[in-house]
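J.: Just need the structure, nothing else, for what follows:
(one chain, ligands or ions: 2)
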Amino acid sequence: MLFRAALQCFAAKLGTASERAGYLANPFKESGAMGWFSSDIQSLDDLFVHTLQDIYYAENKILKSLPTMIDKASDPKLKEGFRMHLRETETHVARIEEVFRMHNATKKAVNCPAIDGIIEEAEEIAGDISDKKVLDAALIAAAQAVEHYEITRYGSLIAWAKQLGRPDCASVLQKTLDEEKATDAKLTQLAESGVNREAGAGART
Ligand SMILES: [Fe+2]
Ligand SMILES: [Fe+2]
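T.: Residues are numbered from 1 along each chain as shown. Ligands and ions are numbered 1, 2, ... in the order given. Sure thing, here's the model as predicted:
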């Protein structure tokens, strides 16, 4: 799922057929159509700020999709877990804004179709499942795809912040990374302690 979303992200940023052909010939050649390789990203600092803007977009998108996840979940622990993560996600957005201020960077969101793809696919799958137990298992898997996306982004941002001599920014972002990892672990625990078994039991009846 993540791989497909990443491909969608690249495909969307590659633009026209000729740009795609150029990319396939030399994937590391700069192209104005590609956010990650565009000429406005020249330094590690540029990359740090761009990625901060990318995760700012992602966190706001997640904030909008979590109420639907809460509505759709049947397992009370899963519902409560999503509610708790909604509150944490509000803090994640606020922390990114804090890092924008600390680093004197422009507070803006840059569109990344990777998170759009992950969430869109989750909504499609969830819309097709009528069995509530199977739906819970699907919601956990979808939420874990989102968490893993966030974990990769925060991991890179923290490493780059340290490299840029900004351990203060790194420690703010580290708090969020710890919460994303804890959420991922909690989702695994929920799946393995009952949700998957109940989803499988329905298939045998
Ligand atoms: Fe988050
Ligand atoms: Fe998260």
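J.: and the spatially closest residue to Gln163 that is not a sequence neighbour, how far is that from Ile158?
T.: Once flanking residues are discounted, Gln163 sits nearest to Leu44: 6.3 Å by C-beta to C-beta, 6 or more residues apart in numbering. Where you see a C-beta, it was placed from the backbone N, CA and C, and this is true even at glycine. Distance from Leu44 to Ile158, counting by C-beta to C-beta, to the nearest Å: 13 Å.
J.: can you check Leu164 too?
T.: 11 Å.
J.: quick one, which of the two is more surrounded?
T.: Remark: of Leu164 and Ile158, Ile158 carries more neighbours, 20 against 16, as counted by other C-beta atoms under 10 Å.
J.: Summarise which helices and strands the strand or helix carrying that one is packed against.
T.: Assigned by DSSP states H and E, Ile158 falls within helix 132-163. With contacts defined as 3 or more C-beta pairs under 8 Å, 6 or more residues apart in numbering; DSSP states H and E, helix 132-163 has these neighbours: helix 2-14, helix 44-72, helix 76-102, helix 113-128, helix 167-190, helix 196-204.
J.: Does ligand 1 have contacts with the third one?
T.: Yes - for helix 76-102, a contact with ligand 1 is found by C-beta under 5 Å from the ion, at Thr89, His92.
J.: Just the buried residues of that helix, please?
T.: 78-79, 81-82, 85-86, 88-89, 92-93, 95-96, 99-100 (16 or more other C-beta atoms under 10 Å).
J.: Ligand 1: which of those residues is nearest?
T.: Nearest to ligand 1, judged by C-beta to the ion, of these is His92 at 3.8 Å.
J.: wait, the closest one sits on Glu59?
T.: Yes - counting by C-beta atoms under 8 Å, His92 touches Glu59, with 4.9 Å between them.
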